[in-house]
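sequence first, then the predicted structure, then my questions.
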Amino acid sequence: MNSPSRIAVLGSLNVDRTYRVPRIPVPGETLASRGVMESFGGKGANQAVAARRAGARVDLIGCVGADEAGGRYRKALEAEGIGLEAVRIEPDLPTGSAVIFVDDHGENAIVVEGGANQAVDGAWVEACRETIERADVLLMQLECPLPAVRRASELAMAAGKTVVLNPSPWTSGFPESGLRCHHLVVNETEAAALLGRSPEDLEALPANLARSLGLTSLVITRGRAATLVHTEGGVRLALRPPVVVPVDTVGAGDSFAGAFSVALAEGLDLEEAVCFANAAGALATLEPGAQAAIPGRGAIESWIERIRS
Ligand code: RIB
């Protein structure tokens, strides 16, 4: 890969409170936790950290509260080397937060309180136009309001930038919202909501999706099963991630999306970019917490070497 590339990430910053539980509780059930920890998360910031550790220069666009958590979070991201000029301090809302359950198989369930993330609007995106225009790739998710995400995509596309969207959490209004992107990265649940059928039945990228969303590729991550890649040309790649025993899957999708964006920004083709991202996603499951587990470039490259040799 040539480096360093430049990535702008528009997205959320949350403080995560994670409970280890024997299983995800069902409605009406009270469970005893086996331990609790607090760490930094939020899909936007997780993806920014993933892109940074994968070797890119990264700017984050978002909002934190004027509270103690927001101050601590900014310091942590600064230490990571992430540009924070476009992270506004919002006086009237708390920093975003999330409650996370992780079960004995490393699977999770998450509830997010948007807080200051909800203050990211079209006007703030306009104010951050330069950050978007100097990036090679704009990477976004859906934890910030849809109109802001759509405006950022318009600015990036008008400037000829590559736009990668991870539409998570799934928002029913998304496909019809007019939001356009080049690469859509979804998990199996999101793929089913988008396609209305199992992604395995798909031979190529559906023409209506390609047209309405402006897509050139649809990437479907499936945990330990092969990642599927559909393009307009009908190419259907199935690329297996490395086999790991997951401890905590929180942030694995974010690690994938960040690394995938860096690989694209550095000119890798889709197959190589997905292999790079598969390794980043799998490695991110080996430690508890979203950001603590996100791998650096060296670790990603050694895994790819091991697989190829
Ligand atoms: O993708 C994992 C993230 O989802 C967590 O860090 C949590 O904050 C939610 O945004």
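All right, it came through fine. Numbering: from 1, shown residues only.

could you measure from the nearest residue to residue 192 once chain neighbours are set aside over to the ligand?
Excluding the flanking residues, the one nearest residue 192 by C-beta to C-beta, 6 or more residues apart in numbering is residue 198, at 6.8 Å. Every residue, glycine included, has its C-beta placed from N, CA and C. Taking C-beta to the nearest ligand atom, to the nearest Å as the criterion, residue 198 is separated from the ligand by 23 Å.

for the ligand, what's the nearest residue on the stretch 1-150 of the chain?
In the stretch 1-150 of the chain, the residue that lies nearest the ligand is residue 41 (2.3 Å; C-beta to the nearest ligand atom).

ok, that residue - how many residues close by?
Using other C-beta atoms under 10 Å, residue 41 is surrounded by 29 other residues.

the residue nearest to residue 143 when sequence neighbours are not counted: neighbour count?
Counting by C-beta to C-beta, 6+ apart, residue 143 lies nearest to residue 12, which is 3.6 Å off, once chain neighbours are set aside. Other residues near residue 12 come to 31 when the count uses other C-beta under 10 Å.

list the contacts for residue 12?
When contacts are counted by C-beta atoms under 8 Å, 6 or more residues apart in numbering, residue 12 touches 42, 43, 44, 45, 62, 96, 112, 114, 117, 141, 143, 144.

which residues in the stretch 201-309 of the chain form helices?
Using DSSP state H, counting those that start in this stretch, the helices found in the stretch 201-309 of the chain span residues 207-213, 252-265, 270-283, 297-308.

list the buried ones in the shortest one?
Going back to what we said before, that points to helix 207-213. Taking 16 or more other C-beta atoms under 10 Å as the basis for neighbour counts, the residues of helix 207-213 that come out buried are 209, 210, 213.

tell me which of those is nearest to residue 83?
Within the buried residues of helix 207-213, the smallest distance to residue 83 is 28.1 Å, found for residue 213 (C-beta to C-beta).

what's the closest non-adjacent residue to the residue of the stretch 1-150 of the chain closest to the ligand?
residue 16 (3.7 Å).

can you pull the residues of the stretch 51-200 of the chain lying near the ligand?
If contact is defined as C-beta under 6 Å from any ligand atom, the residues of the stretch 51-200 of the chain in contact with the ligand are 98, 110, 112, 143.

secondary structure element for the third one?
Assessed by DSSP states H and E, residue 112 sits inside strand 108-113.

list the neighbouring strands of that strand plus their orientation.
With DSSP bridges as the test, strand 108-113 is paired with strand 96-102 (antiparallel).

state which strand of this structure is the longest.
Ranked by number of residues, the top strand in the chain under DSSP state E is strand 57-65.

report all helices and strands that the next helix or strand after it contacts.
The helix or strand immediately downstream of strand 57-65 is helix 68-80, counting by DSSP H and E. Counting contacts by 3 or more C-beta pairs under 8 Å, 6 or more residues apart in numbering; DSSP states H and E, helix 68-80 packs against strand 35-41, helix 43-53, strand 57-65, strand 87-90.

one more pass at 10 Å, please.
For helix 68-80, the elements it packs on are strand 14-20, strand 35-41, helix 43-53, strand 57-65, strand 87-90, strand 96-102, judged by 3 or more C-beta pairs under 10 Å, 6 or more residues apart in numbering; DSSP states H and E.

please state the offset of it from the chain centre?
How far helix 68-80 lies from its chain's middle: 19 Å, per C-alpha atoms, centre = their mean, to the nearest Å.

cool, stretch 35-55 as well?
Distance, centroid of stretch 35-55 to centroid of chain: 9 Å (C-alpha atoms, centre = their mean).

end-to-end on that stretch?
Between the opening and closing residues of stretch 35-55 there is a gap of 33 Å (C-alpha to C-alpha, to the nearest Å).

may I see the buried residues of that stretch?
Residues of stretch 35-55 classed as buried: 39-55 (neighbour count, 16+ other C-beta under 10 Å).

and what of stretch 146-160?
In terms of neighbour count (16+ other C-beta under 10 Å), stretch 146-160 has its buried residues at 148, 149, 150, 151, 152, 153, 154, 155, 156, 157.
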